[in-house]
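1. Here's my sequence, what's the structure:
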Amino acid sequence: MPQTKNQLIRYLALDKCLRDTRRRYFMPDLVAACQKALLEYDGSTVEERTVRKDLQDMKRDSLYAAPINKYMDGHSAWYRYSNSDFSICNLPMSQLEMTLLSDTIQMLHRFSGLPKFEWMNEVFVRFEDAFQIKGDVGNAVCFSQNERLIGIESFNKLFEAIVSKTVLRVKYAKYGKTTKEHIVHPYQLKQYNNRWFLVGLETTDRKHNSIKVFPLDRIKNISLEDKLVYQEYDGNIDDYFCDVVGVTVDSGKAKEKIRLKFYHPAADYVYTKPIHHSQKVVEFGENYYIIELQLIPNYEFETILLGYSDLCEIVEPFSLRESIRHRALRIIERNKNS
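-> The predicted structure is shown next:
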């Protein structure tokens, strides 16, 4: 059995070629087919020796036992299944695979409340009938979602625009501000703190193109700009948020070394639920932990720290310590007895 997703993708590409009786597939053709499938998946590449090994593994694997024959045409060889009805897609699943698929389907049921995934309800029924795998895990897994979120009705349209790589004209209003139009090349729908955001490249002002994040609840209208050429993001959009907590990225700031002192019981909580992937514990005290992070401080990060109240002390940098102190003073001022 394939051990990785890339290997499975290559197997499926080879399977499609080997059961095609309309043409002969020589080794360069098989490599090209695998290359195309991988490019569409994650942009990776494959070498001829890997494809040759895949063919041998498909033949030797006790589950597949693929009837791959090698035929000579002069000095070149081409490949095809000796049984034209064979396909690795037709093989029965093992009991373990059936159990995993059943559990996965039941878990995916938890997404059916999202606007883009209503179609899952019908697909689930068809899957369960086809494979006879009606598992019953009830509410064993629960994903937090707020079905009453304002703006969630635009989820479908934004999702389709991202998939089809279509430029959008977005009417957007910040809290307390007038509505403005933005030309956006959409890249991702991102959820943070039970709120959805559209991430994309704004090209309204061509001199200052930049990545922007738009909360769905502040989007007033969306229209398609089919005549504009979509600009791909150069890289992985997830990396754009790598150095922050949440969705606010100040491109003018560099990440900093941050040291925080957490007292128990908050110390144990932060230890088991890291604030950021860069987090590491640099000191284990009797009633505290000191952690170190490398990130760009933003509003979301400060809000998390304020949530720990007197159980969190900012050791460094001083600028973050002062920002938290001023926010805490404003909280005291607004909540003092009149």
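2. which stretches of the stretch 1-150 of the chain have low pLDDT?
-> Applying pLDDT under 70 to the stretch 1-150 of the chain picks out residues 1-4, 93-148.
3. can you check the stretch 201-338 of the chain too?
-> 205-207, 338.
4. where exactly do the strands run in it?
-> 210-215, 219-224, 256-263, 280-284, 288-295, 312-316 (DSSP state E, counting those that start in this stretch).
5. Any chance of these in TSV with mean neighbour count and distance to Ser76 as columns?
-> C-betas here are computed from N, CA, C, even on glycine. Listed next are the strands of the stretch 201-338 of the chain as TSV, based on neighbours: other Cβ atoms under 10 Å; distance: least, Cβ to Cβ, whole Å:
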stretch	mean neighbour count	distance to Ser76
strand 210-215	17	49
strand 219-224	15	48
strand 256-263	18	60
strand 280-284	11	56
strand 288-295	18	54
strand 312-316	17	67
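6. Please export the C-alpha coordinates of the strand or helix carrying Val199 as CSV.
-> Element membership of Val199, judged by DSSP states H and E, is strand 195-202. In CSV, the C-alpha atoms belonging to strand 195-202 read as follows (Å, rounded to 0.1, in the frame of the first residue of the first chain):
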residue,chain,number,x,y,z
ARG,A,195,-15.0,34.5,12.9
TRP,A,196,-14.5,34.1,9.1
PHE,A,197,-12.1,36.3,7.0
LEU,A,198,-11.4,36.7,3.3
VAL,A,199,-7.6,36.9,2.6
GLY,A,200,-6.6,38.3,-0.8
LEU,A,201,-4.4,40.6,-2.7
GLU,A,202,-5.9,44.1,-3.0
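7. Which strands or helices does it pack on?
-> strand 180-192, strand 210-215 (3 or more Cβ pairs under 8 Å, 6 or more residues apart in numbering; DSSP states H and E).
8. Switch the ones you listed over to a markdown table; also include distance to Cys89.
-> Converted to a markdown table, those look like this (distance: least, Cβ to Cβ, whole Å):
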| stretch | distance to Cys89 |
| --- | --- |
| strand 180-192 | 31 |
| strand 210-215 | 40 |
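9. circling back: nearest to Gly200, of the strands of the stretch 201-338 of the chain?
-> strand 210-215 (6.5 Å; Cβ to Cβ).
10. May I have the closest one exported as PDB, CA atoms only?
-> Extracted C-alpha coordinates of strand 210-215, given in PDB (Å, rounded to 0.1, in the frame of the first residue of the first chain):
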ATOM      1  CA  SER A 210      -0.800  44.300  -0.700                       C
ATOM      2  CA  ILE A 211      -2.400  41.400   1.100                       C
ATOM      3  CA  LYS A 212      -5.500  42.400   3.000                       C
ATOM      4  CA  VAL A 213      -7.800  40.600   5.400                       C
ATOM      5  CA  PHE A 214     -11.600  41.300   5.300                       C
ATOM      6  CA  PRO A 215     -14.000  40.100   8.000                       C
END
